[in-house]
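Engineer: how would this look folded up:
(2 chains)
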Protein chains: 2
Amino acid sequence: MSDLLVPDTRVLAVASHVVYGHVGNSMAVFVMQVLGCDVASLNTVDFSNHTGYRQFKGTRSTAEQISELYQGLLQSHLTDFDVMLSGYAPSAAAVEAVGAIGIDLQKKAEGTPGSFFWVLDPVMGDQGRLYVNDDVVPAYKKIIHHADLILPNQFEAEVLSGIKIDSLSTLAEAINVIHCTYSVPHVIITSVQLFKLSQSGAVPSPSKNLLTVIGSTIRSNGSPRLFRIDVPAIDCFFSGTGDMFAALTVARLREAVAAAGPAVQGARSWVSPDDVTASNLPLAQATLKVLSSMHSILEKTLEARDAELAAAPPLQNSTLTAEEQQKQEHLRRTKAGEVRLVRNARFLREPVAQFTVQEWLKEDLPSSLQ
Amino acid sequence: MSDLLVPDTRVLAVASHVVYGHVGNSMAVFVMQVLGCDVASLNTVDFSNHTGYRQFKGTRSTAEQISELYQGLLQSHLTDFDVMLSGYAPSAAAVEAVGAIGIDLQKKAEGTPGSFFWVLDPVMGDQGRLYVNDDVVPAYKKIIHHADLILPNQFEAEVLSGIKIDSLSTLAEAINVIHCTYSVPHVIITSVQLFKLSQSGAVPSPSKNLLTVIGSTIRSNGSPRLFRIDVPAIDCFFSGTGDMFAALTVARLREAVAAAGPAVQGARSWVSPDDVTASNLPLAQATLKVLSSMHSILEKTLEARDAELAAAPPLQNSTLTAEEQQKQEHLRRTKAGEVRLVRNARFLREPVAQFTVQEWLKEDLPSSLQ
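Structural biologist: Predicted structure coming up:
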């Protein structure tokens, strides 16, 4: 019986927990476990459900509570992690507390390059809007240079780079600035809608129905090694997809790095030798599998959502105000849109959709980056 | 591709959470998810590690926090659970809060027998010793008559029945008293060391190397329908095995009840018709699979533990006091004894070990129960 597991990996996952549904650790932990990772989950909030419902109950952890749990692990020698995945933290102080954990784990691993890897998802906002306090941004800026891979979305990449991404040139520049400013060796920008960008360079104009993921692993001279993967966009917003992306990336990158052999496994931050082209990077190969799994699961989710909504039509209750009816309809649609994770776990283990990775060639780059 | 999933099941799991390792919900959630259950996890404590390490950090939820999270689910209509699994709660008030959730869910399902099932693990103590406050016992006694299945260990069965279990007769009596006193239709006593009991009745003397699980589903006249499964004992104590048992039981019982058809699925508390013999009960059939999965995972855990302990021999540090050395050795052995869950998940999906269930025949029962 094939188990389809990635190599042994001990992960510390630091993110939010929700009782119902799949976001934060309530998404990421199962995703990594199914692929064979042993996951310790340190929860930064404990909510009844995700905030997309527009109402929830529960508590946020303080920075002290987060640090305290980590102290608990330390005192019993339970910190032998290969990877840390950090996501949402509910305050600037909490971001700092999570940062201190990453920095401590990195310090312990200093003597053995490649023995610890920190994937940081700088959860700050989306679609041009911050959804954290303003002071969270500088808190992230302070810790990011310790991370090995960061996973901003387009808006977060703008916030971190200070560059408005409105063209392929500015996108490439933003990645370059992130590499340089924060010394982050790996970057993936998890959702770029290229059709919204004015076209420049030789990259053909993409369709409105494509979602583009852009990634890069730095070269020894500090220049980016850019790759691009286009996937069919699924016409619906699902909460937790960023967390699914991050979790799958942890497992698949670990697998791809093992396949690349000791030259990468034992390298500082798993950076491939300069002669490895962008599309052959472990990061690119991992991202292909990640996007394939996600595509199948989101397709299944969309089908199930539509079936659920069709099976129980909207509440028609004339005693409710229009506002209350709208709220109930929002709750119904949000619940129906929960990612159908558990029963589609086979797509996590066995990605089926075939996508291709393209190198972003030198001549496509703005002249400043050639 | 066969997924080996049990029928669609929405579970509310209420138990403890630990960052590192597998006990409480940190065991049960993954176990049920791997088998295809959609699990909402409501955590009653948030600790760095299990208490077997003899040191830990973190927080206990108050009864108010537990109720608040449930209110959050209620207000967004996220309570469509088929099963609730409740485990450790950190105070009498917390037990009451968990009880109120179970009672509320049961009330909602009143009109549709079989549509909601509550599995309650009355976590109070083990090996003759309470490890909760004294006031937790009456709190459990108040809520247990709402549960459909309870999973006490031998000591907890004694506490609930008021009967000292020191023979097969008293064991049968204890189960009978639990059925009657608490109107609980299903009971499994999860670990009985029969060799320690003085022998009575016609049941042959069991070996020291066997662990016995005894279960019963009530008949319509209130009498027990007892079955017994002996499994090879694994000579080591592993934390979280009770939670693994409970989680597997949820999934496998749901599966066995579906296989038994509408007469059981639609029956109040999934109680089989009187003509179903003990060994053909869904509860007995489920328990066979549960114990098979557990046996393989614990065997693998024992192997891995021994390998881990052999690979890194005890700390020899002459600067430490004898007491400190002992503490460090305890931590090392406890960590090595964490259940190897994730990488052995295939044994959850595909039980391989073959055990057999025996009916506990009428003539074996004490005369009062014949």
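
Engineer: give me the element residue A:141 is part of.
Structural biologist: helix A:136-143 (DSSP states H and E).

Engineer: next one: residue A:59
Structural biologist: Here residue A:59 is assigned to strand A:58-60, by DSSP H and E.

Engineer: and that strand, which strands flank it?
Structural biologist: strand A:37-47 (antiparallel) (DSSP bridges).

Engineer: roughly how far is the partner strand from the heart of the chain?
Structural biologist: In terms of CA atoms, centre = their mean, to the nearest Å, the centre of strand A:37-47 is found 15 Å from the chain centre.

Engineer: What mean pLDDT does it get?
Structural biologist: Strand A:37-47 carries an average pLDDT of 98.

Engineer: Just the helices from the stretch 201-350 of chain A, written as ranges.
Structural biologist: Taking DSSP state H, counting those that start in this stretch as the criterion, the stretch 201-350 of chain A contains helices spanning A:241-260, A:262-265, A:282-311, A:322-336, A:346-349.

Engineer: The fourth one close to chain B?
Structural biologist: What that stands for is helix A:322-336. Yes: remark: helix A:322-336 sits within contact range of chain B at A:331, A:332, A:334, A:335, by CB under 8 Å from any CB of the partner chain. From N, CA and C alone the C-beta is placed, and that goes for glycine too.

Engineer: Tell me which two in those are the farthest apart.
Structural biologist: A:332 and A:334 (7.4 Å; CB to CB).

Engineer: Now do the SS call for the residue in the stretch 101-250 of chain A positioned nearest to chain B.
Structural biologist: Residue of the stretch 101-250 of chain A nearest chain B, by CB to the nearest CB: residue A:101 (11.1 Å). Secondary structure, DSSP: H, G, I helix; E, B strand; the rest coil: residue A:101 is helix.

Engineer: For stretch A:275-287, give me every contacting residue.
Structural biologist: A:149, A:186, A:188, A:213, A:215-217, A:225-227, A:229, A:249, A:252-253, A:255-257, A:259-260, A:264, A:270, A:272, A:357-360 (CB atoms under 8 Å, 6 or more residues apart in numbering or on different chains).

Engineer: what does stretch A:99-113 give?
Structural biologist: Under CB under 8 Å, 6+ apart, the answer for stretch A:99-113 is A:12, A:14, A:42, A:66-67, A:70, A:79, A:81, A:84, A:86, A:115-116, A:118, A:120, A:139, A:142-143, A:146-147, A:266-269.

Engineer: Next, count neighbours for residue A:110.
Structural biologist: 10 (other CB atoms under 10 Å in any protein chain shown).

Engineer: What is the burial count for residue A:75?
Structural biologist: 16.

Engineer: Can you tell me, leaving aside adjacent residues, what's nearest to it?
Structural biologist: residue B:55 (6.1 Å; CB to CB, 6 or more residues apart in numbering or on different chains).

Engineer: center of chain A, which residue is that?
Structural biologist: For chain A, the residue nearest the mean C-alpha position is residue A:246 (3.3 Å; CA atoms, centre = their mean).

Engineer: quick one, what contacts the residue nearest to residue A:75?
Structural biologist: A:72, A:75, A:76.

Engineer: Likewise for residue A:308?
Structural biologist: So residue A:308 contacts residue A:336 (CB under 8 Å, 6+ apart).

Engineer: mind saving the C-alpha coords of stretch A:346-359 as PDB?
Structural biologist: Presented in PDB, the C-alpha positions along stretch A:346-359 are these (Å, rounded to 0.1, in the frame of the first residue of the first chain):
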ATOM      1  CA  ARG A 346      -7.000  12.200  -1.800                       C
ATOM      2  CA  PHE A 347      -6.300  15.200  -3.900                       C
ATOM      3  CA  LEU A 348      -3.800  16.400  -1.300                       C
ATOM      4  CA  ARG A 349      -2.000  13.100  -1.500                       C
ATOM      5  CA  GLU A 350      -2.300  12.600  -5.200                       C
ATOM      6  CA  PRO A 351      -2.300  15.800  -7.300                       C
ATOM      7  CA  VAL A 352      -4.000  15.100 -10.600                       C
ATOM      8  CA  ALA A 353      -4.300  18.400 -12.500                       C
ATOM      9  CA  GLN A 354      -1.300  19.100 -14.700                       C
ATOM     10  CA  PHE A 355       0.000  22.600 -14.800                       C
ATOM     11  CA  THR A 356       3.200  23.900 -16.300                       C
ATOM     12  CA  VAL A 357       5.800  26.300 -15.000                       C
ATOM     13  CA  GLN A 358       7.300  29.000 -17.100                       C
ATOM     14  CA  GLU A 359      10.600  30.700 -16.600                       C
END
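
Engineer: mean confidence score for it?
Structural biologist: On average, stretch A:346-359 scores 94.

Engineer: Please give the number of neighbouring residues around residue A:280.
Structural biologist: 17.

Engineer: How about the residues of the stretch 201-350 of chain A by chain B?
Structural biologist: Within the stretch 201-350 of chain A, the residues that sit near chain B (CB under 8 Å from any CB) are A:331, A:332, A:334, A:335, A:342, A:343, A:345, A:346, A:350.

Engineer: and which of the residues of helix A:322-336 next to chain B is nearest residue B:35?
Structural biologist: residue A:335 (22.8 Å).

Engineer: Run through the residues that contact the closest one.
Structural biologist: A:21, A:53, B:76, B:77, B:78.

Engineer: Relative to residue A:304, how far out is it?
Structural biologist: 12 Å (CB to CB, to the nearest Å).

Engineer: intersection of neighbour lists for these two?
Structural biologist: Common neighbours of residue A:335 and residue A:304 (CB under 8 Å, 6+ apart) do not exist.

Engineer: and the helices of the stretch 201-350 of chain A, which is most packed in?
Structural biologist: helix A:241-260 (a mean of 24; mean count of other CB atoms under 10 Å in any protein chain shown).

Engineer: what is the orientation angle of it with helix A:282-311?
Structural biologist: 150 degrees (axes from the mean of the first three to the mean of the last three CA atoms, to 10 degrees).

Engineer: what's around the residue of the stretch 51-200 of chain A found nearest chain B, how many residues?
Structural biologist: Here the stretch 51-200 of chain A gets closest to chain B at one residue, residue A:72, 2.5 Å apart by CB to the nearest CB. Look at residue A:72: counted by other CB under 10 Å, it has 22 neighbours.

Engineer: Pick the one among the residues of helix A:322-336 next to chain B closest to chain B.
Structural biologist: Of these, the one sitting nearest to chain B (CB to the nearest CB) turns out to be residue A:331, at 5.2 Å.

Engineer: can you tell me which residues contact the closest one?
Structural biologist: Applying CB under 8 Å, 6+ apart, the residues near residue A:331 are A:53, B:76, B:77.

Engineer: and what of residue A:144?
Structural biologist: A:120, A:122, A:150, A:160, A:182, A:184.

Engineer: Out of the residues you listed, which sit inside strands?
Structural biologist: Among the contacts of residue A:144, the members falling in strands (DSSP state E) are A:120, A:150.

Engineer: Can you narrow the contacts of residue A:144 down to the ones near chain B?
Structural biologist: Of these, not one also sits near chain B (CB under 8 Å from any CB).

Engineer: Using TSV, lay out the contacts of residue A:144 together with pLDDT and neighbour count.
Structural biologist: Output for these, formatted as TSV (pLDDT from 0 to 100; neighbours: other CB atoms under 10 Å in any protein chain shown):
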residue	pLDDT	neighbour count
A:120	98	26
A:122	97	27
A:150	98	25
A:160	97	23
A:182	96	22
A:184	97	23
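
Engineer: hmm, back to that, apart from its chain neighbours, what residue comes closest to the residue of the stretch 51-200 of chain A closest to chain B?
Structural biologist: Nearest residue to residue A:72, sequence neighbours excluded (CB to CB, 6+ apart): residue B:48, at 2.5 Å.

Engineer: what's near enough to touch residue A:184?
Structural biologist: A:144, A:145, A:147, A:148, A:149, A:150, A:178, A:218.

Engineer: For the stretch 51-200 of chain A, which segments count as strands?
Structural biologist: Assigned strands in the stretch 51-200 of chain A, in chain order: A:58-60, A:83-86, A:117-120, A:125-126, A:129-130, A:149-150, A:186-192 (criterion: DSSP state E, counting those that start in this stretch).
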